[in-house]
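# mind folding the following:
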Amino acid sequence: MLKQKAFVKKTKKGNVTKVVREHYLRDDIWSGSPLDPECPPESHKLSPAAAAYLVIDTNVALHQLDFLEHAAVTDVIVTKTVLEEVEHRNRSCFQRLRALTQSDAKRFFVFSNEHHSATYVEARPGESPNDRNDRAIRGVAKWYKERVPGVRVLLLTNDAASRALAASEGVEALHLAAYARERRGEVPELMDLVARAEMEEDGEPGASGAPADAGGGGGGGGGARGGSRASKRKKVYEAHRPFAELQAGIAAGRLHQGALRVSRFNPFEGWVSSQSVGDDILISGRIDMNRALDGDIVAVELLPEDQWRAPSKVLPGGGGGKGSSGGGGEAADEGSEEGEGDGGEAGIFQVAPGEALAEEGGGAAGKAPAAARPTGRVVGVIKRNWRQRGYCGALKPEEGLEARAGAAAVLFVPVERRFPMIRCV
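So this is what the prediction gives:
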């Protein structure tokens, strides 16, 4: 069967041309399953004893590759639609996905749905490309369900609207986190591989179009625990302001833009150069740094003059900066930065304002205006200065990590002291 795609495009020289492409559809593209009587043996890739055939959408392929690469995730159907979209959006993810399709043990089967006469779909008037692709993926799941009725065909998608449409079409669909909870009894580590952002988006513990008890019991408990844990957290940092508000504030002179330079000897103190102020602006403490890293282009708001401080002359640490004990105190205190403990309040270890002046007997910074410098706080990050070569450091596990079940957090301690410790979950 021959289809023609015609569209109009504008060239670099400004000429408008009409492009016509031929699109051939066939009916001899096989399913790859031994349970399909029409599929020849040389095309078999999926297992006849699989508990389920998994059909994934583009977002799962892009953002959940760690999950898909687990040895327990097998018999996955990768449509041509997903493969082409991943290649277009992220070349690195495409190479990892391609490696999975070439592995005999993983049994990832590439189904050329765009060239199959039964699964090819044309875009409807006014339909976006994403909606058209989602409809094509749901069509593949429905086609497999009719083709191999002896095995469960499951569509994995984190899009609630797509799951609802799949249920209306008679296709069973699950959120990835719900599928991981469903298999928690046999493979508990799958829950740890689901990306955190997707876990938070999972509002439905069960399946769309599936029975209510299909994975719903474990999902409800997990969601309740996650909600209670989040409710115990205390807000530590002030939210960054919108970019439009930052631009307006800089233009009006209320905010000052510059690169943050963190001290090599005191990771809780930095400077931002400002031509409008005529001097470097002191940023003292993690709270005032507001998650900005060394080299970031930030927007700074000046504090009132009675809150201006002097640069600290004492290295941070529990024992006044004596040797390694000070570094240990820093690690221990900053380890509780996010307030992960049950019921504990969040706190940030930082140099106390006016600590250097107190050492000299001068009292608080407000009582020594001669030593004070223009001081401000970061209200937004305009541009991040990510390192292309990455960051070197060590992982410090939390206390009692061995006794804790499920996902656990570790603390990343960078080698370079200018960067803060980072909690990894």
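
# name the SS class of the closest residue to residue 417 other than its chain neighbours, please.
Once flanking residues are discounted, residue 417 sits nearest to residue 267: 4.8 Å by CB to CB, 6 or more residues apart in numbering. The way it works is simple: take the backbone N, C-alpha and C, and place the C-beta from them, glycine included. Taking DSSP: H, G, I helix; E, B strand; the rest coil as the rule, one finds residue 267 in the coil state.

# quick one: the helices in the stretch 201-350 of the chain?
Here the stretch 201-350 of the chain has its helices, by DSSP state H, counting those that start in this stretch, at 216-232, 243-252, 286-289, 323-334.

# counting contacts, what elements does the third one pack onto?
If you count contacts as 3 or more CB pairs under 8 Å, 6 or more residues apart in numbering; DSSP states H and E, helix 286-289 packs onto strand 376-383.

# from the chain's centroid, how far away is the very next helix or strand once past the strand it packs on?
Toward the C-terminus, strand 376-383 is succeeded by strand 393-397 as the next helix or strand (DSSP states H and E). Offset of strand 393-397 from its chain centre (CA atoms, centre = their mean, to the nearest Å): 20 Å.

# low pLDDT regions in the stretch 201-350 of the chain?
Applying pLDDT under 70 to the stretch 201-350 of the chain picks out residues 201-234, 314-350.

# now do the contacts for residue 90.
residue 62 (CB atoms under 8 Å, 6 or more residues apart in numbering).

# quick check, pLDDT for it.
Looking at residue 90, its pLDDT reads 90.

# so how far is residue 59 from it?
11 Å (CB to CB, to the nearest Å).

# now do residue 101
Remark: distance between residue 101 and residue 59 (CB to CB) = 18 Å.

# go on, residue 17?
For residue 17, the distance to residue 59 equals 34 Å [CB to CB].

# name the residue in the two with the higher neighbour count.
A direct count of neighbours by other CB atoms under 10 Å for residue 17 and residue 59 places residue 59 higher, at 20 against 9.

# from what I can see the more buried one touches residue 162, true?
No: the pair residue 59 / residue 162 is not scored as a contact, 9.4 Å apart, by CB atoms under 8 Å.

# residues near the residue nearest to residue 417, how many?
Using other CB under 10 Å, residue 267 has 24 other residues around it.

# surely it and residue 415 touch.
No: using CB under 8 Å, residue 267 is not in contact with residue 415, being 12.0 Å away.

# checking residue 33 next. Helix, strand or coil?
Three-state assignment for residue 33 (three-state DSSP): coil.

# leaving out sequence neighbours, find the closest residue to it.
Residue nearest to residue 33 in three dimensions, not counting chain neighbours: residue 46, with 4.5 Å by CB to CB, 6+ apart.

# what does residue 148 give?
Counting by CB to CB, 6+ apart, residue 148 lies nearest to residue 35, which is 4.4 Å off, once chain neighbours are set aside.

# tell me how far the one you found lies from residue 51.
13 Å.

# more neighbours, these two?
Set residue 35 next to residue 51 and count neighbours by other CB under 10 Å: residue 35 wins out with 18 against 13.

# now do the contacts for that one.
Residue 35 touches 48, 148, 150, 151, counting by CB under 8 Å, 6+ apart.

# go with 6 Å
Residue 35 makes contact with 48, 148, 150 under the criterion CB atoms under 6 Å, 6 or more residues apart in numbering.

# so which of the residues you listed sit within strands?
Assignment to strands by DSSP state E places none of the contacts of residue 35 there.

# need these in JSON lines (columns: distance to residue 236 and pLDDT).
Formatted as JSON lines, the contacts of residue 35 follow (distance: CB to CB, whole Å; pLDDT from 0 to 100):
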{"residue": "48", "distance to residue 236": "53", "pLDDT": "93"}
{"residue": "148", "distance to residue 236": "52", "pLDDT": "94"}
{"residue": "150", "distance to residue 236": "54", "pLDDT": "88"}
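
# can you list the domains in the chain?
Listed domain ranges for the chain are 2-220, 249-314+351-386 (source: automatic domain parsing).

# how about those in TSV, adding distance to residue 393?
Shown next, in TSV, are those (distance: least, CB to CB, whole Å):
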stretch	distance to residue 393
domain 2-220	20
domain 249-314+351-386	13
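
# mean pLDDT for those domains: which is lowest?
When I compare the domains of the chain, domain 249-314+351-386 is least confident, with a mean of 79.

# quote the end-to-end distance of it.
One end of domain 249-314+351-386 sits 25 Å from the other (CA to CA, to the nearest Å).

# report the distance from that domain to the chain centre.
When distances are taken as CA atoms, centre = their mean, domain 249-314+351-386 is centred 30 Å away from the chain's centroid.

# can I get stretch 289-306 in CSV, CA atoms only?
What follows is stretch 289-306, C-alpha atoms only, in CSV (Å, rounded to 0.1, in the frame of the first residue of the first chain):
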residue,chain,number,x,y,z
MET,A,289,23.6,31.7,48.7
ASN,A,290,20.2,30.0,48.0
ARG,A,291,21.5,26.9,46.1
ALA,A,292,23.8,28.9,43.8
LEU,A,293,27.1,27.3,43.0
ASP,A,294,30.5,28.7,42.2
GLY,A,295,30.5,30.4,38.8
ASP,A,296,26.7,30.8,38.4
ILE,A,297,25.4,34.0,37.1
VAL,A,298,23.0,35.2,39.9
ALA,A,299,20.7,38.0,40.8
VAL,A,300,21.5,39.5,44.2
GLU,A,301,19.4,41.7,46.4
LEU,A,302,21.2,44.0,48.8
LEU,A,303,20.4,43.7,52.5
PRO,A,304,19.7,46.8,54.7
GLU,A,305,22.9,48.4,55.9
ASP,A,306,22.3,47.4,59.5
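
# what does that stretch contact?
Stretch 289-306 is contacted by residues 237, 246, 255-257, 259-260, 262, 272, 281, 283, 366, 375-385, 418 when judged by CB under 6 Å, 6+ apart.
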